[in-house]
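> Sharing a model that was predicted from the sequence below.
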Amino acid sequence: MRDYLKTPNYPTFKRYCKFLKLQDDPGLIEKYKQIHGPGMVWPEIKQGMREVGILDMEIYIHDNHAFMIMETVPDFDHDKAMKELASKPRQNEWESFVSQFQQAGSRSDTPEKWEVMERIFLLD
């Protein structure tokens, strides 16, 4: 757990795990990795995530599958926050840009592309 999540301001948090299929093209996958590298995600996108209550986010890739871990404030309402995020400045532009790498079909918005996974095991 990240140190700031242990502070009195955030004694607990919610975690969401999501997945997304990427285009099955090694060149596109490599570019997708690059645009998510340090300093590459547009500042407005990261700021919008923080404004809706996302405390931390990590994305992992295996073959053409992307896996996201999203940690949020305790009272986070996923559907409401994703709708609010979609209305933030430059969010639609970002979604259009990254869609070239993703197998999302007609699902163009973040809440539609990234599918929430069901937790089936928790180590006590």
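Cool, got the structure.

> OK, contacts around residue 20?
In this structure, residue 20 makes contact with 65, 66, 68, 102, 103, 104, 113, 114, 115, judged by Cβ atoms under 8 Å, 6 or more residues apart in numbering. C-beta: built from backbone N, CA, C; applies to glycine.

> low-scoring pLDDT stretches of the chain, where are they?
1-11, 105-112 (pLDDT under 70).

> What values do phi and psi take at the residue nearest to residue 114 when sequence neighbours are not counted?
Distance criterion Cβ to Cβ, 6 or more residues apart in numbering; nearest residue to residue 114, sequence neighbours excluded, is residue 18 at 4.1 Å. Phi and psi for residue 18, reported as degrees, to the nearest 10, are phi -130, psi 160.

> what's near enough to touch residue 18?
Per Cβ under 8 Å, 6+ apart, neighbours of residue 18: 67, 68, 70, 114, 115, 116, 117.

> What residue in this structure is the furthest from its centre?
residue 124 (26.3 Å; Cα atoms, centre = their mean).

> Can you tell me how far residue 81 is from residue 116?
Per Cβ to Cβ, to the nearest Å, residue 81 is found 12 Å from residue 116.

> So which of the two has more stuff around it?
Neighbour comparison, residue 81 and residue 116: the larger count goes to residue 81, with 19 against 14 (by other Cβ atoms under 10 Å).

> Run through the neighbouring helices and strands of the helix or strand hosting the more buried one.
Assigning secondary structure by DSSP states H and E places residue 81 in helix 78-86. Taking 3 or more Cβ pairs under 8 Å, 6 or more residues apart in numbering; DSSP states H and E as contact, the helices and strands that helix 78-86 lies on are helix 43-51, helix 91-99, helix 110-113.

> Looking at these, which is nearest to residue 25?
Distances from residue 25 to each of the helices and strands packed on helix 78-86 were compared using Cβ to Cβ; the shortest belongs to helix 91-99, at 13.9 Å.

> quick check: angle from that closest one to helix 43-51?
Here helix 91-99 runs at an angle of 110 degrees relative to helix 43-51 (axes from the mean of the first three to the mean of the last three Cα atoms, to 10 degrees).

> Give me the buried positions along helix 91-99.
Of the residues in helix 91-99, those scored as buried under the neighbour-count criterion (16 or more other Cβ atoms under 10 Å) are 91, 94, 95, 98, 99.
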